[in-house]
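Novice: sequence and predicted structure are below.
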Amino acid sequence: MGVERGAFSSDLLARETAGLDSRDAGLAEEIALGVLRWRAAIDWIIEKLAGRPVRKMDPEVVTALRMGLYQLRWLDRIPAHAAINESVELIKRARKRSAAGFANAVLRKVNRDPVEWPDDATRLSCPQWLLDRWSSQYGADVARGIAQASLQRPERFVRVGLGEAVPVGLEPTEVPGAYVAHEVIGDRVQDISSQTIVPLLDLQPGQTFLDLCSAPGNKTAQALETPVRGIAADLSEARLQQVRRVGIPLVALDATLPLPFSRQFDRILVDAPCSGTGTLMRNPEIKWKLRPEDLADLQGRQASILRNALAALAPGGRLVYSTCSLEWEENEAVPGLAGIANVRHTMQRIPGRDRGDGFFAAMITLGDT
């Protein structure tokens, strides 16, 4: 229910499962994220079995039905009677006792027979407008691949600094320093695609470096594997607390406004706030919360941040603008809005084609403006 009111699933799960043992916390995460990944398909099945649209049901009842149906159709570890009983009990605890019999009857009809879905948007549990825009930008096959990838549990990648000893049990990947981990290892967790951004800066020892949108600090820490003189900035003091562990000066600032620095920097990273549509495996609620009109607002902020960052770039320096978005408005279109006439080098990773999250990066020097 918290996600329906605007919260992020990762924040809610961390808070609500803090006191649980690892098995219970893992199951709670599996159910919550599974329901969010498959929500459109789940709702279509509920409506077929219930004979009424979910929009006409109480939200508490819909949530309990979604959780029960996901367990019954997609999980093997929960006995059917336990999944049904728990969903019914949730409805009773939500003071919707009159709907308990209805929910019990619906869930007892659930099976794992093949389904003839009405369309790709339902089958892939993805809003039609996102499928349409991805099809237009990347082609229909890639669009379906992105949507299909967003239904999968993401691989867990960690960062091991170049030159560090590699802990036992990690599997190397094609990206230097990125390893597959089957268990969490401290604060090293970082998606493989995220780890491809910092190398584009071509950092050299002794250079001045500004990470303008630094929280939670993973890319900042990766940049500091090269002995540079760094500063980390972000919008709020609270977010900057996540970056304190890297041990460099921190500055709270609104990067959409002119920057307060009297100096210029050899290297600047603008990992801009964005829609996050490249991270749907880990943040599936984004596809249900995002609206087409949100992209224009994000684009305006991104262009302002990039424009201000360019003013702080030293002659001959390099700036990398990146997002974890798949949307053209937030990626290729932004440098032009910031006054950059020609971007010579870009990089893009696409879920379903590449491992990990979707990312875009543009490498910019002052000669591009």
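Specialist: Nice, I can see it.
Novice: wait, what's in contact with residue 362?
Specialist: Applying CB atoms under 8 Å, 6 or more residues apart in numbering, one finds that residue 362 lies in contact with 320, 321, 322, 331, 332, 334, 335, 343, 345, 346. Just so you know, the C-beta spots here come from the backbone N, C-alpha and C atoms, and that holds for glycine as well.
Novice: looking at those residues, which are in strands?
Specialist: 320, 321, 322, 345, 346 (DSSP state E).
Novice: just give me the neighbour total for the last one.
Specialist: The one in question is residue 346. 15 (other CB atoms under 10 Å).
Novice: can you tell me the element the residue nearest to it when sequence neighbours are not counted falls in?
Specialist: In space, residue 346 comes closest to residue 362 once its chain neighbours are excluded; the distance is 4.9 Å by CB to CB, 6 or more residues apart in numbering. Counting by DSSP states H and E, the element that carries residue 362 is strand 359-364.
Novice: re earlier: return the member of the ones in strands among the contacts of residue 362 nearest to residue 109.
Specialist: residue 322 (47.0 Å; CB to CB).
Novice: who's in contact with the lengthiest helix in the chain?
Specialist: Determined from DSSP state H, the single longest helix within the chain is helix 294-311. Contact with helix 294-311 is made by 210, 212-213, 255-259, 268, 270, 272-275, 319, 321, 323, 327, 329-330, 333-335, 337-340, 364, 366, 369, as judged by CB under 8 Å, 6+ apart.
Novice: narrow the residues you listed to just the buried residues.
Specialist: Neighbour-count burial (16 or more other CB atoms under 10 Å) applied to the contacts of helix 294-311 gives 210, 212-213, 255, 259, 268, 270, 272-275, 319, 321, 323, 327, 329-330, 334-335, 338, 340, 364.
Novice: of the residues you listed, which belong to helices?
Specialist: 334, 335.
Novice: follow-up on the earlier one: and the furthest pair within the ones in strands among the contacts of residue 362?
Specialist: 322 and 345 (12.4 Å).
Novice: more neighbours, these two?
Specialist: A side-by-side neighbour count of residue 322 and residue 345, using other CB under 10 Å, places residue 322 first with 25 against 13.
Novice: thinking residue 269 is in contact with residue 200, fair?
Specialist: No: under the criterion of CB atoms under 8 Å, residue 269 makes no contact with residue 200, lying 9.0 Å away.
Novice: helix, strand or coil for residue 113?
Specialist: coil (DSSP: H, G, I helix; E, B strand; the rest coil).
Novice: all strands of this protein, in order?
Specialist: 157-159, 171-172, 178-180, 208-211, 229-234, 250-252, 265-271, 313-323, 345-349, 359-364.
Novice: so for stretch 204-222, what gets flagged as buried?
Specialist: So, applying 16+ other CB under 10 Å, buried residues of stretch 204-222: 207-222.
Novice: rewinding a little: so which of the contacts of residue 362 sits lowest on pLDDT?
Specialist: Least confident of the contacts of residue 362 in the model: residue 343, at 89.
Novice: residue 131: which of the contacts of residue 362 is nearest?
Specialist: Using CB to CB, these come closest to residue 131 at residue 331, 18.2 Å.
Novice: hang on, the closest one packs against residue 323?
Specialist: Yes: contact criterion CB under 8 Å: residue 331 and residue 323 qualify, at 6.0 Å.
Novice: need the overlap of contacts for those two.
Specialist: residue 360.
Novice: and the residue nearest to residue 346, what pLDDT?
Specialist: The model reports residue 362 with a pLDDT of 97.
Novice: quick revisit: the strand holding residue 362 versus strand 265-271: what angle between them?
Specialist: 150 degrees (axes from the mean of the first three to the mean of the last three CA atoms, to 10 degrees).
Novice: any idea how far strand 359-364 is from the middle of the chain?
Specialist: Relative to its chain's centre, strand 359-364 lies at 17 Å (CA atoms, centre = their mean, to the nearest Å).
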